[in-house]
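**Q** please work out how this folds:
(2 chains)
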Amino acid sequence: MLNRSEFTRGLRSQRPFFIFAAAAFCALAALTGPTMTRAQTAPTTIQIEAQPVYQGCNSIVVISPTGTVWQDIVNRFSDPTTVSAIWKYNNDLQRYQALYFADTDALTDGPATTTAYVLSMFVCISADGSVG
Amino acid sequence: MNWNRIAGALAGVAVAVAAVPVAAQVPKAPPAGRIYGYIFIDGALPESDTQILAYGGNTLCGQSTYDQSPFGGRYFVDLDSGLPDCNQAGAPVTFVINGCAADTTGTVPAFNGAQRLDMNAPSSC
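**A** Purely as a prediction, here's the structure:
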């Protein structure tokens, strides 16, 4: 067991190390801190970068309030009737889940509405168009 | 104990961890489509845990285990879009339910959409 003076002396002898460790910690904090601690402002509207979309499946990033129904996202496409399906990869389940089908009787196994502000999804459409 | 060495090693590990990019999960393309509906065995709704296999030709395109509860007694099977026999819209899809061929054939839905297919299979074959 160290007594107090031995402990203090030990700390002094380690001073260069502590300076280096502090610098390393600050560098780490600078690298990772902003993304880990930045407060997210809740969006109040659906935001999708304006872009062309093509027949087939298109990877789209959607920013929206949580609880947004998928039909509201579909309505942001130039011709919503061309949207046949929305699929999203569930990383926890390691598989795709269906969020929306044009066939309203079809079974979907994803959440009924958005559950996060930012979502990446595949929107599959039957004809070229645009979204935004 | 050499605290300088230990601390130096820890700091080095920390910097290395920060510098190594995290490998992103890159999922393959979404399914070629979903086939859903009611299945019957000898005309009756099956028990949970009934196995449903979907084939494009001899290729297994998808499978699921029927569960009575979550979808009102309906099943669904997603078709693998990475397999040529399973991703051509309109191509026939046959089903095997608990080892017996179903009486109805579906097709790969267009544009990764959904197609309803109710089918019946015998309890023994």
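**Q** downstream of the lowest-mean-pLDDT helix or strand in chain A, the next helix or strand is which one?
**A** Within chain A, judged by mean pLDDT, DSSP states H and E, the helix or strand with the poorest mean is helix A:15-37; its value is a mean of 51. Next helix or strand after helix A:15-37 toward the C-terminus (DSSP states H and E): strand A:47-48.
**Q** give the other helices and strands that that next one contacts.
**A** strand A:56-63 (3 or more C-beta pairs under 8 Å, 6 or more residues apart in numbering or on different chains; DSSP states H and E). All C-beta atoms are positioned from the backbone trio N, CA, C, and that covers glycine.
**Q** ok, residues contacting the strand it packs on?
**A** Contacts with strand A:56-63, where a contact means C-beta atoms under 8 Å, 6 or more residues apart in numbering or on different chains, come from A:43, A:46-49, A:53, A:73, A:87, A:114, A:117-125, A:131, B:29-30, B:111-112.
**Q** hmm, which of those are the buried ones?
**A** Listed as buried from the contacts of strand A:56-63 are A:48, A:53, A:73, A:87, A:114, A:117, A:119, A:121-125, A:131, B:29-30, B:111-112; burial here means 16 or more other C-beta atoms under 10 Å in any protein chain shown.
**Q** pLDDT weak spots in chain A?
**A** Counting by pLDDT under 70, chain A has low-confidence residues at A:1-40.
**Q** out of the contacts of strand A:56-63, which sit inside strands?
**A** Counted as lying in strands by DSSP state E, out of the contacts of strand A:56-63, are A:47-48, A:53, A:87, A:118-125, A:131.
**Q** how about the helices in chain B?
**A** Assigned by DSSP state H, chain B shows helices spanning B:3-19.
**Q** now the strands for it?
**A** Taking DSSP E, the strands of chain B run over residues B:33-41, B:50-56, B:59-66, B:74-79, B:92-97, B:100-101, B:106-107, B:114-116, B:119-121.
**Q** so what sits opposite the closest residue to B:G90 other than its chain neighbours in the bridge?
**A** Of all residues beyond its chain neighbours, the one nearest B:G90 is B:T107 (5.2 Å), with distances taken as C-beta to C-beta, 6 or more residues apart in numbering or on different chains. Under DSSP bridges, the beta-bridge partners of B:T107 are B:P92.
**Q** same thing with A:M121?
**A** Beta-bridge partners, per DSSP bridges, of A:M121: A:I60.
**Q** state the distance from it to A:W70.
**A** 9 Å (C-beta to C-beta, to the nearest Å).
**Q** list residues touching both of these two?
**A** Listed contacts common to A:M121 and A:W70 are A:86, A:99; contacts here mean C-beta under 8 Å, 6+ apart.
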